[in-house]
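Colleague: All I have is the shape, not the residue letters:
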Ligand code: F0G
């Protein structure tokens, strides 16, 4: 008899006890609404959609542990109890590996021992890591709560850009294995050039029946490209190096520990601070455990601890990884390289904190509600659980496998949070050109005919027509189906696979699109209007 592992399918990790009824909207109704909302995926009412793969961001199902924590939310203006619990949860997650303190349990179990609460939570002092505590967070702030990832990016780049320019008025570059759209936009809004250094093997074919056996870590940073960029542009032009885990822009592919270590080595050699865009850290850690030699016997928390030991700081959206509905964070290592480089006339932490308070709120809530802070702190313990990660991975992989079996050009192996179609291959043999935004036309038809929402992450989203030939090399032509955590099951996936397959068969009927309004807007895929051009 096979063991449960040998069955080759994920062991169920949870069961939904609340369901939401999906409205039975007709094709004609969707067509009407699409027209009225300028065919924009971001303007279409979510309530009228059957299956929404637009984003895994904040759209997941929270666990009962998180809902229970939410009731402990403290909405005080300053030093709400969730603040302490969240900082502890962050230390536990990113620094303590197999030895978390789990102070949240004191709050959730109604601890009434005041001395214990004071000594172990409210006045506990820490320094030296990503999250100073007690008096050290006041004198040398290094951890900043914000509502979401892009707020952390804004806080960071809008604070360092003037420091850089004051120091030397030159062109600056920030390389990444794949900048997300908001990261790139926040960098360029501050006059810095965002450079994508995708791994050379990213678009290579991969057999779908080997997804459970090996993984080429296509999300890796191109190390040679990084060395070349530093050599070509000069060390002084590169204020930071970024690694995004997993690499959302590059088809959600994971980054290997080896690659993280190698980038760390290069960063060290040139004395450049290294940051993570840590959005999907738990999923990335799970890939390392499953596929990277030497990590099979490590726990997920221990892998995360090692991953983060190589960076000087990170920005994160806690809305990803199925972690929470809201939350973001910026931090850097106490007295580390980032702190040293950017504290020129004034401590960089003090500057960041001032901006945090000016823009988002008191530093102990940073624009989040106390309820959300508690749910997020609880979520940090949920998201590293292996059965959950295992089930999620299997789910995404099944989706990709079923598409591949039907001959759809899906990027393989599947990434951690989403399935991506290669639209160049999808439209091969038709007259669709990259400037026709065929990926957008595909998403319009998928929503119109079948009530399924996906998103183009390609020439339209990344504004191909506004880029130089050099920058265009950093743009892929993809459509993404992101999976919110614990929202959809096999029946949703099967419905989507059938719909996508039907559209693929009829790909010559998919319209080219024209941007009818707002082509020049920054982050235009959230804002502009689109007009599909249907053939007679
Ligand atoms: N970095 C990455 C890698 C992301 O995927 C996102 C958001 C952000 C930063 C910004 O975080 O939304 O909290 O401000 N990605 C979402 C998505 C929106 O659909 O992939 P945010």
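Modeller: Thanks, I have the structure now. No experiment lies behind these values; they were computed from the predicted model shown.

Colleague: burial count for the residue in the chain that the ligand sits nearest to?
Modeller: Here the chain gets closest to the ligand at one residue, residue 149, 2.5 Å apart by C-beta to the nearest ligand atom. Every C-beta, even on glycine, is put in place using the N, C-alpha and C of the backbone. Neighbourhood size, residue 149 [other C-beta atoms under 10 Å]: 26.

Colleague: List the contacts of the nearest residue to it once chain neighbours are set aside.
Modeller: Excluding its sequence neighbours, the residue lying closest to residue 149 (C-beta to C-beta, 6 or more residues apart in numbering) is residue 317, at 2.7 Å. Applying C-beta atoms under 8 Å, 6 or more residues apart in numbering to residue 317 gives the contacts 57, 148, 149, 150, 152, 279, 327, 328.

Colleague: repeat that for 7 Å
Modeller: The contact partners of residue 317, taken as C-beta atoms under 7 Å, 6 or more residues apart in numbering, are 57, 148, 149, 279, 328.

Colleague: Can I get those in a markdown table including distance to residue 350, pLDDT and secondary structure?
Modeller: Shown next, in a markdown table, are the contacts of residue 317 (distance: C-beta to C-beta, whole Å; pLDDT from 0 to 100; DSSP: H, G, I helix; E, B strand; the rest coil):
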| residue | distance to residue 350 | pLDDT | secondary structure |
| --- | --- | --- | --- |
| 57 | 31 | 95 | coil |
| 148 | 23 | 96 | coil |
| 149 | 23 | 97 | helix |
| 279 | 27 | 95 | coil |
| 328 | 20 | 97 | strand |
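
Colleague: which one of the residues you listed sits closest to residue 132?
Modeller: residue 328 (18.6 Å; C-beta to C-beta).

Colleague: Identify the bridge partners of that closest one.
Modeller: When bridges are called by DSSP bridges, residue 328 pairs up with residue 146, residue 317.

Colleague: Am I right that residue 305 is in a strand?
Modeller: No - Residue 305: not assigned to a strand; according to DSSP: H, G, I helix; E, B strand; the rest coil it is helix.

Colleague: where's it relative to residue 322, distance?
Modeller: Residue 305 is 20 Å from residue 322, where distance means C-beta to C-beta, to the nearest Å.

Colleague: low-confidence ranges in the stretch 201-350 of the chain?
Modeller: The model of the stretch 201-350 of the chain has no residue with pLDDT under 70.

Colleague: Give me every residue in it lying close to the ligand.
Modeller: 244, 248, 277, 279, 317, 319, 320, 328 (C-beta under 6 Å from any ligand atom).

Colleague: and what of the stretch 51-200 of the chain?
Modeller: Residues of the stretch 51-200 of the chain lying near the ligand (C-beta under 6 Å from any ligand atom): 55, 57, 148, 149, 150, 180, 182, 183.

Colleague: sorry, back to before: which residues touch the residue of the chain closest to the ligand?
Modeller: By C-beta under 7 Å, 6+ apart, the contact set of residue 149 is 182, 279, 315, 316, 317, 328.

Colleague: Let me see the ranges of the strands in the stretch 401-536 of the chain.
Modeller: Under the criterion DSSP state E, counting those that start in this stretch, strands of the stretch 401-536 of the chain are mapped to 418-422, 452-453, 455-457, 478-482, 512-517, 529-533.

Colleague: between those, which gets nearest to residue 66?
Modeller: Nearest of the strands of the stretch 401-536 of the chain (C-beta to C-beta): strand 478-482, 20.1 Å.

Colleague: Give the other helices and strands that the closest one contacts.
Modeller: Judged by 3 or more C-beta pairs under 7 Å, 6 or more residues apart in numbering; DSSP states H and E, the packing partners of strand 478-482 are strand 418-422, helix 438-450, strand 455-457.

Colleague: Residues contacting that strand, please?
Modeller: 53-56, 251, 399, 417-423, 439, 442-443, 454-458, 496.

Colleague: domain assignment for the protein?
Modeller: Residue ranges for the domains of the chain, per automatic domain parsing: 21-52+388-533, 136-382.

Colleague: Neighbour count says what about the contacts of strand 478-482? Which are buried?
Modeller: 53-56, 251, 399, 417-423, 439, 442-443, 454-458, 496 (16 or more other C-beta atoms under 10 Å).

Colleague: Can you classify residue 206 as helix, strand or coil?
Modeller: Per three-state DSSP, residue 206 ends up coil.

Colleague: how about the strands in the stretch 201-350 of the chain?
Modeller: 241-244, 274-277, 313-317, 328-332.

Colleague: next one: the stretch 51-200 of the chain
Modeller: Using DSSP E, counting those that start in this stretch, strands in the stretch 51-200 of the chain cover 51-52, 143-146, 173-176, 193-196.

Colleague: Can you tell me which of those strands is most buried?
Modeller: strand 143-146 (a mean of 27; mean count of other C-beta atoms under 10 Å).
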